[in-house]
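>>> my questions concern the predicted model and sequence given below.
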Amino acid sequence: MLKSSMRRKVISPGRKFMGSVSQLLASHFTLVNRSKTDVNFIQSVAKRCNRIVAEQLFEQQVAFMSRDFKV
């Protein structure tokens, strides 16, 4: 049974979240579910979301460096 404070993340089945990263996530009460390799839709959605977030952060970083950063 999950505690109310525990969060669940679904990630790709790769080896990115192994070892010390898994221990760090466990210390923050985050459970990692590995997605199945034959379900490409879930992995493609996660990759698209990551790409969108990275693009937005890059735009904010460029604006901050040019001193035109407005919150």
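Okay, I see it.
>>> quick check: what element follows the helix or strand bottoming out on mean pLDDT in the chain along the chain?
Least confident helix or strand, the chain: strand 7-11 with a mean of 58, by mean pLDDT, DSSP states H and E. Scanning forward in sequence from strand 7-11 by DSSP states H and E, the next helix or strand is helix 20-27.
>>> tell me the domain boundaries of the protein?
Taking automatic domain parsing as the domain assignment, the ranges for the chain are 1-36, 39-71.
>>> least reliable of these by average pLDDT, please.
Lowest mean pLDDT within those: domain 1-36, at a mean of 64.
>>> what's the longest helix anywhere in the chain packed up against?
In the chain, assigned by DSSP state H, the helix with the most residues is helix 40-65. Using 3 or more Cβ pairs under 8 Å, 6 or more residues apart in numbering; DSSP states H and E as the contact definition, the elements that helix 40-65 packs against are strand 7-11. From N, CA and C alone the C-beta is placed, and that goes for glycine too.
>>> do that again at 6 Å, thanks
Contact analysis of helix 40-65 by 3 or more Cβ pairs under 6 Å, 6 or more residues apart in numbering; DSSP states H and E lists no helix or strand as a packing neighbour.
>>> buried stuff in it?
By neighbour count with 16 or more other Cβ atoms under 10 Å, helix 40-65 contains the buried residues Q43.
>>> and what of stretch 23-32?
Using 16+ other Cβ under 10 Å as the test for burial, stretch 23-32 gives L25.
>>> just the CA trace of that stretch, in CSV.
The C-alpha atoms that make up stretch 23-32 are tabulated as CSV, following Å, rounded to 0.1, in the frame of the first residue of the first chain:
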residue,chain,number,x,y,z
GLN,A,23,18.6,5.5,-3.8
LEU,A,24,18.1,9.3,-4.0
LEU,A,25,14.6,8.9,-5.4
ALA,A,26,13.8,6.4,-2.6
SER,A,27,15.0,8.9,0.0
HIS,A,28,12.4,11.4,-1.4
PHE,A,29,9.7,8.7,-1.3
THR,A,30,9.4,8.5,-5.1
LEU,A,31,8.7,5.1,-6.5
VAL,A,32,10.0,4.3,-10.0
